[in-house]
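**Student:** Give me the fold of what follows.
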Amino acid sequence: MKKHSLIAWALIIFCSFQSFGQFEKAEAGMQAIMQESKVVGISVAVVKNNKIVYTHSFGQKDVERNTPLTDDCIFRIASISKSFSATSIMQLVEANKVSLDDDISNLLGFKIRNPKFPETIITLRMIMSHLSSINDSQGYFTLDAINAEKNSDWAKCFNDYEPGKGYEYCNLNYNMTGTIIEKISGERFDQYVKHHVLDPLNLYGGYCVDSLDKNKFATIYEFNTDSIRFYATPAAYAPRSVEIKNYEMGKSTPIFSPTGGMKISAKDLATYMMMHSNQGKYNGVRLISKKSAKIMQTKLSEEEGYGLAIETTDHMIPGKIMKGHTGSAYGLFSAMFFNPEEKFGIVVISNGCDPIYSNGYNTVIRKAVNCLYETIILK
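**Tutor:** Next comes the predicted model:
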């Protein structure tokens, strides 16, 4: 064998051992987090230099059946779902079918105004950035909550400040956004996201439970602090089959929960994340323009750092400005954060863990993100 071939093989072996060492340290760190905290399971994916370099799953998929969590398990990822709705809107903006500055009253078909500021238009951009002055006090599983003709307490949906002048995170904002996607595109919400976001990236997932393999669902568990036990929350995967059978386009949309209903694996979520990190393009497929990606990632509220379903923060990893989103519902906690300049990102999804927070994030999720950053990204 020639000398240069020997050197090449030596480098390959060295790099392989180095990666093996990294992953061993990562797994040891993750196991330590799970031992010191109350956790059912965690699935992770790490992106480095625009490639998925590591995926792994820890703990259990189903406690009652004693089945392990695996990388092909899919989860209801909660509020990270909002970014799929925002991505869909940006596609429609690029197609000149809607504008971020359109009045949502015109888009939804009924008047939406803060009664304290009746002359101020509430725009699509405002609801997507949570600057709409709208709140969830009347619920968010139906748009009737904010419709004056359907709910006598509709005015309680509005805060005391003028739209555009204050921030409050609001799930109703994104169930309205999903409804607008449906009205503008003419496609049922879940089908639009499948055809225009998931399929082009070759991702398995979606908002419609009945369209997915239920054997892949990771059971979600909520931790009860009084009993110090985890309890399964099957409502996370409620199929809503009856509601879908009687579906009304442009009205029934919230049953799919555009605000939090996406079901997807950690690995496929990492692929989607790379698209955003690469300014709207992944593996030769451009989903949204660079301009649209920048708009989504530009914070509109300084203190909260929120753009259009993409948050900018330096609190997840100390000293690093990250962009992404978190999710929490039914006991699940999730995080998807990336650094577009350094081309790395981390996805962490837990199907049940201690709900304690620190520095604005679930403690288990934040520790996991930092463990993966220190053992894989930095090495």
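
**Student:** and residue 75, what are its phi and psi?
**Tutor:** Torsion angles at residue 75 (phi, psi; degrees, to the nearest 10) stand at phi -130, psi 150.

**Student:** For it, which residues are in contact?
**Tutor:** 43, 217-218, 220, 263-266, 332, 334, 349, 351 (CB atoms under 8 Å, 6 or more residues apart in numbering). To be clear about C-beta, it is placed using only N, CA and C from the backbone, and glycine gets the same treatment.

**Student:** ditto for residue 292
**Tutor:** 90-91, 93-94, 280.

**Student:** out of those, which are inside helices?
**Tutor:** With helices taken from DSSP state H, the overlap with these comprises 90-91, 93-94.

**Student:** Which secondary structure state does the residue nearest the centre of the chain sit in?
**Tutor:** In the chain, the residue lying closest to the centroid (CA atoms, centre = their mean) is residue 80, at 1.2 Å. What DSSP: H, G, I helix; E, B strand; the rest coil gives for residue 80 is helix.

**Student:** That one contacts residue 326, doesn't it?
**Tutor:** Yes - if you go by CB atoms under 8 Å, residue 80 and residue 326 touch, sitting 7.0 Å apart.

**Student:** Now residue 43: which helix or strand?
**Tutor:** strand 39-48 (DSSP states H and E).

**Student:** Could you pull out the buried residues of that strand?
**Tutor:** 39-48 (16 or more other CB atoms under 10 Å).

**Student:** any idea which helix or strand comes after that strand?
**Tutor:** Criterion used, DSSP H and E; the element after strand 39-48 is strand 51-62.

**Student:** In that next one, which residues are buried?
**Tutor:** Residues 52-62 are the ones in strand 51-62 that count as buried (16+ other CB under 10 Å).

**Student:** pLDDT at residue 379, what is it?
**Tutor:** At residue 379, the model reports a pLDDT of 80.

**Student:** I figured it hits residue 22, correct?
**Tutor:** Yes - between residue 379 and residue 22 there is a contact at 4.9 Å, judged by CB under 8 Å.

**Student:** who has more neighbours, the two?
**Tutor:** Ranked by neighbour count (other CB atoms under 10 Å), residue 379 and residue 22 place residue 22 first, with 20 against 13.

**Student:** For whichever strand or helix holds the more buried one, give the mean pLDDT please.
**Tutor:** Per DSSP H and E, residue 22 falls inside helix 3-36. When pLDDT is averaged along helix 3-36, the result is 69.

**Student:** just to revisit the earlier point, any common contacting residues for residue 80 and residue 326?
**Tutor:** 334-336.

**Student:** Now for residue 265: which residues touch it?
**Tutor:** 43, 71-75, 204-205, 216.

**Student:** what about the closest residue to residue 337 other than its chain neighbours, which helix or strand?
**Tutor:** Among residues not flanking residue 337 along the chain, residue 324 sits closest, at 3.5 Å (CB to CB, 6 or more residues apart in numbering). In this structure, residue 324 sits in strand 322-329 according to DSSP H and E.

**Student:** residue ranges with poor pLDDT in the protein?
**Tutor:** When residues are selected by pLDDT under 70, those of the chain lie in 1-20.

**Student:** Walking through it, point out its helices one by one.
**Tutor:** Going by DSSP H, the chain shows helices at 3-36, 81-94, 104-108, 124-128, 171-185, 189-193, 241-245, 266-277, 290-297, 363-372.

**Student:** Test my guess that residue 276 contacts residue 296.
**Tutor:** Yes - applying CB under 8 Å as the test, residue 276 and residue 296 come out as touching, 7.2 Å apart.

**Student:** of the two, who's got more company?
**Tutor:** residue 276 (27 against 23).

**Student:** residues in contact with residue 283?
**Tutor:** residue 201.

**Student:** Look up phi and psi at it.
**Tutor:** According to degrees, to the nearest 10, residue 283 has phi 50, psi 40.

**Student:** can you check residue 65 too?
**Tutor:** phi -90, psi 0.

**Student:** how near is it to residue 355?
**Tutor:** 24 Å (CB to CB, to the nearest Å).

**Student:** next one: residue 254
**Tutor:** 25 Å.

**Student:** Then residue 73?
**Tutor:** Taken as CB to CB, the span from residue 73 to residue 355 is 21 Å.

**Student:** So for these two, which residue has more residues nearby?
**Tutor:** Ranked by neighbour count (other CB under 10 Å), residue 73 and residue 355 place residue 73 first, with 23 against 16.

**Student:** thinking that one is in contact with residue 215, fair?
**Tutor:** No - in this structure, residue 73 is not within contact of residue 215 by CB under 8 Å, at 9.5 Å.

**Student:** returning to what we had before: what touches both of residue 276 and residue 296?
**Tutor:** Joint contacts of residue 276 and residue 296 (CB under 8 Å, 6+ apart) are 83, 87, 310.

**Student:** mind listing what the second one touches?
**Tutor:** It stands for residue 87. Counting by CB under 8 Å, 6+ apart, residue 87 has contacts 197, 276, 287-288, 296, 309.

**Student:** and of those, the nearest to residue 372?
**Tutor:** Taking CB to CB as the measure, residue 372 sits nearest to residue 276 out of those, at 18.5 Å.

**Student:** Quick check: the gap between the closest one and residue 197.
**Tutor:** 11 Å.

**Student:** Is it possible to get a markdown table of the buried residues of strand 51-62 that adds distance to residue 173?
**Tutor:** Converted to a markdown table, the buried residues of strand 51-62 look like this (distance: CB to CB, whole Å):
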| residue | distance to residue 173 |
| --- | --- |
| 52 | 31 |
| 53 | 35 |
| 54 | 34 |
| 55 | 32 |
| 56 | 34 |
| 57 | 32 |
| 58 | 34 |
| 59 | 33 |
| 60 | 34 |
| 61 | 32 |
| 62 | 34 |
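
**Student:** coming back round to it: so what pairs up with the residue nearest to residue 337 in the strands?
**Tutor:** Beta-bridge pairing for residue 324 (DSSP bridges): residue 311, residue 337.
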